[in-house]
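J.: Sequence and predicted structure, then a few things I'm wondering about:
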Amino acid sequence: MTAPTTTRILPGTVHAKRRKLAIAAGTWQPFVPADAAMKHVEELRRRGASVRAIADAAHVSLATLARLAYPDTVAAPLQWGIRPATARAVLGVTLHDLPDYAWIPNVGTRRRIEALAALGWRPQDLADRFGISAQAVRHWRSNPSTSLRVYRTVVGLYDELSMTRGPSRITARRAAASGYAPPLAWDDESIDDPAATPATAPRARMRDDVDQTVIDLVLAGHEVGTTIAERERLVPVLAARGLTDREIAKLCRTTDNTVFRIRGRLGVESRWAA
């Protein structure tokens, strides 16, 4: 087995002097283990990054990155490790550092579009801001992968609108019925992680669950499925606004008899007839 070839260091250069001093001090480290960089590349590729995109983001050669991505198949083995500068460059790469041409799984893009829908933002509302068609936005949501250019565009819009109600109650109702998680169900790390789940689970909520997002949606006039605990919070407020039992029931997606019983149990009078 032959040792790896190294770049010739000319005598008298600053690098040569530093190398000589480091060798004398016992701190010379021309190579570092490649394990950490290999695992980082593996994780980036699991999240959808290509080898070329990672190499471009790290500013290392494609051949160098290929050795980390395919250690068992490339001709040049890694038993001596990699240069420290290469390790630092590769370990510093995140998905956000990849070039616009790179393609990644559509998880984060889809979740952000669905979260905006939960607030009442229609595909056409989003499309109007980009000068594109609503169909293009629907494709952004449904495609299995997306370019980072599109991803970054959606992230910017999501950051702008994720705390603002959209104009369409129908869209919000349909999103709730489809189980779309609202923005408050995600944080900045989990929304892009394919293995993550939203903090709220609209399709498996318990009787005593209280979701403040649901409360806010109903109080804003959206019809949303509610739990018993949420209805007990909403009925007094909505009754005080003068809504009838039937109107409250429609907003909470329950029956007027249920609302009547909740009012009786909580001692809440209907002000509609007052």
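T.: Nice, I can see it.
J.: same question for stretch 257-274, mean pLDDT?
T.: Across stretch 257-274, the average pLDDT comes to 77.
J.: Check which residues of it are buried.
T.: Using 16 or more other Cβ atoms under 10 Å as the test for burial, stretch 257-274 gives Thr258, Val259, Phe260, Ile262, Arg263, Val268, Ser270. Heads up, the C-betas are built off the backbone N, CA and C, glycines and all.
J.: go on, stretch 222-237?
T.: For stretch 222-237, by 16+ other Cβ under 10 Å, it's His222, Glu223, Val224, Gly225, Thr226, Thr227, Glu230, Arg231, Glu232, Arg233, Leu234, Val235.
J.: Now, these that are in helices?
T.: Glu230, Arg231, Glu232, Arg233, Leu234, Val235 (DSSP state H).
J.: Work out for me the element Pro167 sits within.
T.: Under the criterion DSSP states H and E, no helix or strand holds Pro167.
J.: Nearest residue to it in space, ignoring adjacent ones along the chain?
T.: Setting aside the residues directly before and after it, Pro167 is nearest to Gly120 in space (Cβ to Cβ, 6 or more residues apart in numbering), at 6.1 Å.
J.: Could you do Met38 as well?
T.: In space, and not counting its chain neighbours, Met38 is closest to Leu68: 5.0 Å by Cβ to Cβ, 6+ apart.
J.: Return the set of buried residues in the helix or strand that neighbour falls within.
T.: Following DSSP H and E, one finds Leu68 within helix 62-69. Neighbour-count burial for helix 62-69, with 16+ other Cβ under 10 Å as criterion, is recorded at Thr64, Leu65, Ala66, Arg67, Leu68, Ala69.
J.: Convert the C-alpha atoms of that helix to PDB, please.
T.: In PDB, the C-alpha atoms belonging to helix 62-69 read as follows (Å, rounded to 0.1, in the frame of the first residue of the first chain):
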ATOM      1  CA  LEU A  62     -16.400  16.900  -7.500                       C
ATOM      2  CA  ALA A  63     -13.800  14.100  -7.200                       C
ATOM      3  CA  THR A  64     -13.100  15.000  -3.600                       C
ATOM      4  CA  LEU A  65     -16.800  15.000  -2.700                       C
ATOM      5  CA  ALA A  66     -17.300  11.700  -4.600                       C
ATOM      6  CA  ARG A  67     -14.700  10.000  -2.400                       C
ATOM      7  CA  LEU A  68     -16.800  11.100   0.700                       C
ATOM      8  CA  ALA A  69     -20.100  10.100  -0.900                       C
END
